[in-house]
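In: task: produce atomic coordinates for the following.
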Amino acid sequence: MGTVEPFKGLALFTPGGDVVYAVDPHHRDRWHLQLCVAVQEVLGLPEPPHFLVPCYSATVDRYLNPQTQRLETIAEAMFAVWRYRGLLNQLFELESVSWELKPSSLELCNPLALESYRPQFPELWQNHDLVLQVGRQGHDPAILNPADADTSGYVFRLFIRGDSPTTEETLLRLHETLDRALGHPYTLKVIDVLKHPQQTELDRVSATPTLIRIWPQPIRRIVGEMNDLDFIFKLINN
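Out: Next comes the predicted model:
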């Protein structure tokens, strides 16, 4: 990322200290939603932790001042993530920036209110040494430091459309191929694009079925009917 161009930067932390972030040169919306979905996917949560946004987020806005024709930067962080300013400077490649404390909701960020989420989302209060950039141009979102899987294992996502006999046949063939092709344990997560449009958008899936090898890197993907088992075998082992 070049630091001399305008961009919007957003970061979302967990109470345990993990962070997902995005760098957007186009100042598009809905990035907070995508960051929540990324946290859900990587940590295996039952749903996106939207309750983190009002309390555990930081934003950077580098823009061209129309009056001075100079780039200016506004960097704001919630109190809960104030201590991570050094890390944020590294993630967004900032120099000589004065961070501002962003007001937070006393009701939503009350410690007792946040603690009420811990039984349902215990993973958020654990530290997994996770630093994940979401939506990096030219790259797939990926688990950079998976905490819930041995790095000797494989992690796949299979995107399907609805539940049908064709879907069942695809799953059966795929499991047989993975069992035959891999000498390591693997995790295969099946995602219905009709039920999880945010995750579908996040992984830039435009057709089904799509198989994505998330780990180990580099990321590999197969799009379309999975009848050529030899091709699948070679691709996932490459």
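
In: in which helix or strand does the residue nearest the centre of the chain reside?
Out: The chain has A38 as the residue nearest its centroid, 2.8 Å off, counting by C-alpha atoms, centre = their mean. Element membership for A38, per DSSP states H and E: helix 31-43.

In: so which bits of the helix or strand just after that helix are buried?
Out: Per DSSP H and E, the first helix or strand lying C-terminal to helix 31-43 is strand 57-65. Neighbour counts over strand 57-65 (16 or more other C-beta atoms under 10 Å) mark S57, A58, T59, V60, R62 as buried. (Glycine included, C-beta is placed from N, CA and C.)

In: my guess is the third one meets G9, correct?
Out: The one in question is T59. Yes: under the criterion of C-beta atoms under 8 Å, T59 makes contact with G9 at 6.7 Å.

In: give me every residue that touches Q34.
Out: A22, V134, G135, Q198, E201, L202 (C-beta atoms under 8 Å, 6 or more residues apart in numbering).

In: tell me the pLDDT at it?
Out: Q34 is assigned 84 on the pLDDT scale.

In: look up how far L202 lies from it.
Out: According to C-beta to C-beta, to the nearest Å, Q34 and L202 sit 6 Å apart.

In: overlap in contacts, these two.
Out: Contact criterion C-beta under 8 Å, 6+ apart; residues shared by Q34 and L202: V134, G135.

In: residues contacting E72?
Out: Taking C-beta under 8 Å, 6+ apart, we find E72 in contact with R62, Y63, L64, N65.
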